[in-house]
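Novice: Fold the stuff below for me.
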Amino acid sequence: MTSTTSAALPRVGDRLGRYTVQRLDALPEMQGTLILLSHELGARHAHVVRDDDNSAFGVTFPTVPRDSTGVAHILEHIVLMGSQQYPVSDPFFAMLPRSLNTFMNAMTSNDWTTYPFATRNEQDYFNLLSVYLDATFFPLMRYESFRQDGHRFEFETPDDPTSALKLQGVVYNEMKGAMAAPGAVMWRAFGKALYPDLTYANNSGGSPQDIPNLTYEGLRAFHAAHYHPSNAFFYTYGKLPLSRILADIEAHVMTHFTRQELDVSIPDQARFTQPRHETVTYPGSDTERGAQVSVAWKLGRSSDADANLRWSVLSDVLLGNAAAPLTRPLIESGLGAGLADLSGYRDGFREGAFSAGLKGLPAGQAQAVETLVLDTLRAVADQGIDPALIESSLHQFEIAQKEVSNAGYPYALQVMFRLLGPWLYGGDPITGLRLDTELEHLRADLARGQVFEPMIERELLNNPHRVTLELAPDPQLAERTEADEQALVAGLSAGFTDEDRARIVAESLRLKELQAQESDPNVLPTLALSDVPPRVPRVAYTQEHAGRATVARVAQPTGGLSYVDVQVRLPAVPADLLDTLPLYTFAVTRGGAAGDDYAALARRIEAVTGGINASVGVGTRPDDLDGLRLSVSFSGKALARNAPALVDVLRDVIATPVFTRERLEQLLRQRLAGLKSSILQGGNAYAERLAAAQVSPAAAITEHFSGLSALATLKTIVEEGGLDDLLVRLDRLHTLLLTGTPVLCVTATGDDLGLDLTPVTAAFTGNLPVGAPHPEAAPRRPQARITDSPVAFNAVAFRTVPYTSPDSPALLVLSRLLRSGYLLKEIREKGGAYGGGAGFDTREGVFTMSSYRDPNVKRTFEVFRDARAFLDTDLGVRELTEAILSASKLLDPLTSPDTIGRMRFFGDQAGYTPEVQDAYKARLLAVTLDDLRRVMDTYLTPGRAAYALVAGQDPNDDVRDLNLVFDVQAI
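Specialist: Below you'll find the model as predicted:
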């Protein structure tokens, strides 16, 4: 692969075609270089040269909506639905299975829209680059695409103009679901309250009541104005040759445009002369603990690197951990369950914002929370901030600057989003990556005296641009919203003639006709199966034994960080302690340890580590779905100089945790509030777990750990009293934990690999064998859970085979084929849901199909039922190859120095060795269409199905014709 070496770097002033190199900046923390270029048309380009085989691209457009019709969001959908060079119905989704990408997406923010991807394959990179450039700059923007994903009138029976008229559209249904979620309502209200005269007062995603006001002509005009090179910010990353990338962009895009001017500037918000109070509502029934209050201030421009850093540090000092001087009084007040959703510093607006508050409140507590926040800030300003807290926060920034990790999100795109913040608002993009100068100024000012106390005084306490924002549940709002939608439909259609109704029928039939047509995806670029790496990574590590413990040491270029993982394989766990395990792992790192209370432990963790975590999991053997094992895992990271202190913290948390009744009550209320708020964002995952629990013992345990059963257990403890009993069970679990079998892994540079882990290994003194739980799956009966949602999340699950079964790879390929070839079209395009998919858990052996933010229940379960017929359609080599390519990506997850070694070691320990994984991949590459039909006929039959859903109402009347009767329970 060709690489751009330091010797080949351009110089400032060099011309690369019609690009001019504006500046070069070294990025020593990531061993890279930032090159900033400008194009004659006005396009800006940032290229990060780095020796990383995961290359990335992104093009971002400032999009400043002037209303809440969702024009920017709907446009994001429409441009990905066919372009001049790739006139297929949905090239974005069609490319997903034709690529080995590590990331593909598009997203709309308050005032920008971005289209990023990443991949480790060079040919794939340029394939995707061609598709993305053509999609964004030359979309077809068909009227039918606008009607499908934006909004449209449609009759209940599409060809019957006498049936009920309704509004449909993918984005319309997506936003109906989104705006029922309290966090989304709070976010939109936050922008409107602090910046009422700016674009942030609008809902860039689209308000359901305003979306129907968007016209097709308005959508096209918005694209013509905003999606132009003169308004574009390009980003590229990796070691591919910059000259080739720029040449491709020039040929695909730049040669077809002339320069234009577009004013997308956002002015300063006029300063308030006095604080304000705002109240917004969401459709919720929890009137006792469903409210939240946030006290928010508008600050200076977020592009000011110095101010941005200082507010980021101050935010962490005030709110960054449980012992922080603003967090602790808020939580210990007992007013609410946890910090309000938007607490902290926000730089996602042109002018930054700071807020603090509480959620899990009864209504009517706005004044009490405001007083508490202001009084606490006054006390902090008057009494001063402990310098140790500031130093701990700066320590966290040092870790963030040094760490290069793909965990959770590709590092290549983490870099992009760090750049975009200051870049889009007129600041210096390098400050998103390097803060050396700003840190030096801050440390110099700190040496001269107080820095943050005057900031609190000046920019918070004496700042009249303050809003106290209350979010309150309204049990009648969902019913009123539905009535308002019906009234909106009635009003918009009041003057319809027979001709208008006939036009709606004709357009509906035309859309369905187009949805049924098969476009030729062969115009799209693709990869071949020969591009799939045939083997999984072999990562070198050493292994030793220390008492009962097994210890692995992995040498990796971690940039001066050390990572420690401790997995404790549990002995037999009594049945009455299973539900306690996730509560134990949630509380154990947030309580006290070694005689310290939770505040002292939190300060210690912040001072010497980059954070510690605990989790519980259930594992299966590669050859036996019933061969289960439970484990509790602890992990942490630290700068190498603090690695011994990290080991000591882990030892104390594992060996001598402190649980108090008062702190436990605080933590459980926080967890309960968090789980409640997650349902409308992840309802499909909850439905999948509920269905899978009926067919799989492993999935049944997982559902009790992280599903709606876990929520029900938590509600019982918190709301009906069970803390004293829980404290007893936590102590029993702790005793049991120390009799477990520890398996440890340390990942660090070679020089730092000799870390002494004896303080942790010596804590385990028991000799009990590893246990093998034998839970029963939940009773096989369709399950419905009802909550405050205007849309549904539907799921069906099947138990299949273990990892080493010859049929497992075929099931994985089948899940990808159904996802891209069948469910996307039936559930999203035709059904109007935001998403529909299939998945196969190769280790639990559970196959699922599900839908997300779905306006349908009966129709979707019919789609699930009819999936077998899809396999009898005209499928060929292309569809099979794409499904295998898509499945192979799941077997090659993106890793980085912090994760690759631990994944290999713990995989080997569990029996998923390279040899086992390579054999799986070889079978996957040999899967045939006959294999797919056979495994579906064998394992995914109606008699083996388990059903579940999360919705806003009882589904039984709707599904009666399907011979399904759901057990309905309120969440």
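
Novice: Just say helix, strand or coil for G427.
Specialist: coil (DSSP: H, G, I helix; E, B strand; the rest coil).

Novice: How about it: what's its closest non-neighbour residue?
Specialist: S303 (3.0 Å; C-beta to C-beta, 6 or more residues apart in numbering). All C-beta atoms are positioned from the backbone trio N, CA, C, and that covers glycine.

Novice: now V88
Specialist: Distances taken as C-beta to C-beta, 6+ apart put S519 closest to V88, at 4.1 Å, once the chain neighbours are dropped.

Novice: Was I right to think the one you found contacts P87?
Specialist: Yes. With contact defined as C-beta atoms under 8 Å, S519 reaches P87; the gap is 7.2 Å.

Novice: which ones are touching G547?
Specialist: Neighbour list for G547: 761-762, 764 [criterion: C-beta atoms under 8 Å, 6 or more residues apart in numbering].

Novice: Among these, which one sits closest to G169?
Specialist: G169 has its nearest neighbour among those in F764, at 57.0 Å by C-beta to C-beta.

Novice: Pull the distance from the lengthiest strand in the chain to the chain's centre.
Specialist: Determined from DSSP state E, the single longest strand within the chain is strand 624-639. Its chain's C-alpha centre and that of strand 624-639 lie 22 Å apart, by C-alpha atoms, centre = their mean, to the nearest Å.

Novice: now P325, nearest residue through space, not along the chain?
Specialist: V380 (5.1 Å).

Novice: Tell me if I'm right that that neighbour and L326 touch.
Specialist: Yes. Between V380 and L326 there is a contact at 6.9 Å, judged by C-beta under 8 Å.

Novice: Need the overlap of contacts for the two.
Specialist: With C-beta under 8 Å, 6+ apart as the test, V380 and L326 both reach L318.

Novice: Count the neighbours of the residue nearest to G427 for me.
Specialist: Neighbour count of S303, defined by other C-beta atoms under 10 Å: 21.

Novice: now do the one 3 residues further on
Specialist: Residues near D306, counting by other C-beta under 10 Å, number 16.

Novice: G491 now?
Specialist: Counted with other C-beta under 10 Å, G491 comes out at 10.

Novice: now swap in K166 and tell me
Specialist: By other C-beta under 10 Å, 15 other residues sit near K166.

Novice: same check, this time on A388
Specialist: For A388, the count of nearby residues is 11 (other C-beta under 10 Å).

Novice: Run through the residues that contact the residue lying closest to it once chain neighbours are set aside.
Specialist: Nearest residue to A388 in three dimensions, chain neighbours excluded: A607, at 6.9 Å (C-beta to C-beta, 6+ apart). By C-beta under 8 Å, 6+ apart, the contact set of A607 is 388, 391-392, 395.

Novice: ok, now how distant is the residue nearest to G835 when sequence neighbours are not counted from N321?
Specialist: Excluding the flanking residues, the one nearest G835 by C-beta to C-beta, 6+ apart is Y852, at 3.7 Å. From Y852 across to N321, the span is 34 Å (C-beta to C-beta, to the nearest Å).

Novice: Surely R98 is in contact with E879?
Specialist: No. At 10.8 Å, R98 does not count as touching E879 under the criterion of C-beta under 8 Å.

Novice: Comparing these two, which shows the higher neighbour count?
Specialist: R98 (23 against 18).

Novice: What values do phi and psi take at G348?
Specialist: Here is the backbone geometry of G348 (degrees, to the nearest 10): phi -90, psi 10.

Novice: Let's see stretch 865-872 as CSV, backbone CA atoms only.
Specialist: The C-alpha trace of stretch 865-872 is given here as CSV (Å, rounded to 0.1, in the frame of the first residue of the first chain):
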residue,chain,number,x,y,z
ARG,A,865,-43.5,-14.5,9.1
ASP,A,866,-43.1,-14.2,5.3
ALA,A,867,-39.3,-14.0,5.3
ARG,A,868,-39.0,-17.6,4.1
ALA,A,869,-40.7,-16.7,0.8
PHE,A,870,-38.0,-14.1,0.1
LEU,A,871,-35.5,-16.9,-0.2
ASP,A,872,-37.5,-18.4,-3.1
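
Novice: Distance from that stretch to the middle of the chain?
Specialist: 31 Å.

Novice: Could you list the residues in contact with it?
Specialist: For stretch 865-872, contacts defined as C-beta under 8 Å, 6+ apart pick out 818, 821-823, 849, 929, 932-933, 936-937, 940, 942, 962.

Novice: mind running it again at 10 Å?
Specialist: 796, 814, 817-818, 821-823, 825-826, 838, 849, 863, 929-930, 932-934, 936-937, 940-942, 945, 962, 964 (C-beta atoms under 10 Å, 6 or more residues apart in numbering).

Novice: Make a ChimeraX selection of the buried ones in those.
Specialist: Selection of buried members from the contacts of stretch 865-872 for ChimeraX, criterion 16 or more other C-beta atoms under 10 Å:
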select :796,814,817,818,821,822,823,825,826,838,849,863,929,932,933,936,940,945,962,964
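
Novice: Can you flag which of the contacts of stretch 865-872 belong to helices?
Specialist: 814, 817-818, 863, 929-930, 932-934, 936-937 (DSSP state H).

Novice: could you pull out the strands for the stretch 551-700 of the chain?
Specialist: Listed in chain order, the strands of the stretch 551-700 of the chain (DSSP state E, counting those that start in this stretch) span 561-569, 592-593, 612-621, 624-639, 657-658.

Novice: could you dump those to TSV with mean neighbour count?
Specialist: Shown next, in TSV, are these (neighbours: other C-beta atoms under 10 Å):
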stretch	mean neighbour count
strand 561-569	25
strand 592-593	22
strand 612-621	19
strand 624-639	20
strand 657-658	20
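
Novice: Point out where the chain drops to low pLDDT.
Specialist: 1-7 (pLDDT under 70).

Novice: all helices for the stretch 351-500 of the chain, in order.
Specialist: 366-383, 387-402, 411-424, 436-448, 452-455, 477-492, 498-516 (DSSP state H, counting those that start in this stretch).

Novice: Determine which stretch of those helices is the most buried.
Specialist: helix 411-424 (a mean of 21; mean count of other C-beta atoms under 10 Å).

Novice: What is it packed up against?
Specialist: strand 32-39, strand 44-50, strand 55-62, strand 101-104, strand 112-119, strand 233-238, helix 305-319 (3 or more C-beta pairs under 10 Å, 6 or more residues apart in numbering; DSSP states H and E).

Novice: 8 Å - rerun?
Specialist: strand 44-50, strand 55-62, strand 112-119, strand 233-238, helix 305-319 (3 or more C-beta pairs under 8 Å, 6 or more residues apart in numbering; DSSP states H and E).

Novice: G495 and G611, how far apart?
Specialist: In terms of C-beta to C-beta, G495 sits 60 Å off from G611.

Novice: Same question for T741.
Specialist: For T741, the distance to G611 - C-beta to C-beta - is 25 Å.

Novice: So the two - more neighbours on which side?
Specialist: T741 (21 against 15).

Novice: residue contacts, that one?
Specialist: 548-549, 568-569, 764, 770.

Novice: ditto for A549
Specialist: 741-744, 757, 760-761, 764.

Novice: Could you give the bridge partners of it?
Specialist: Here A549 sits in beta bridges with A546, as judged by DSSP bridges.

Novice: how much distance is there from the one helix or strand L246 maps to to the middle of the chain?
Specialist: Assigned by DSSP states H and E, L246 belongs to helix 242-252. Centroid displacement of helix 242-252 relative to its chain, using C-alpha atoms, centre = their mean, is 31 Å.

Novice: Strand partners (parallel or antiparallel) of the helix or strand just after it?
Specialist: Later in the chain than helix 242-252, the nearest helix or strand by DSSP H and E is strand 276-282. The strands beside strand 276-282 in its sheet (DSSP bridges) come out as strand 466-473 (parallel).

Novice: and the partner strand with helix 366-383, angle?
Specialist: Regarding strand 466-473 and helix 366-383, their directions subtend 140 degrees when assessed with axes from the mean of the first three to the mean of the last three C-alpha atoms, to 10 degrees.

Novice: Begin at 19 from now on, thanks
Specialist: Yes, from this point I'll number from 19; that puts the last item at strand 484-491.

Novice: contact partners of strand 484-491?
Specialist: Counting by C-beta under 8 Å, 6+ apart, 200, 203-204, 207-208, 211-212, 290, 293-305, 308-315, 375, 381, 383-385, 387-388, 478, 806 sit against strand 484-491.
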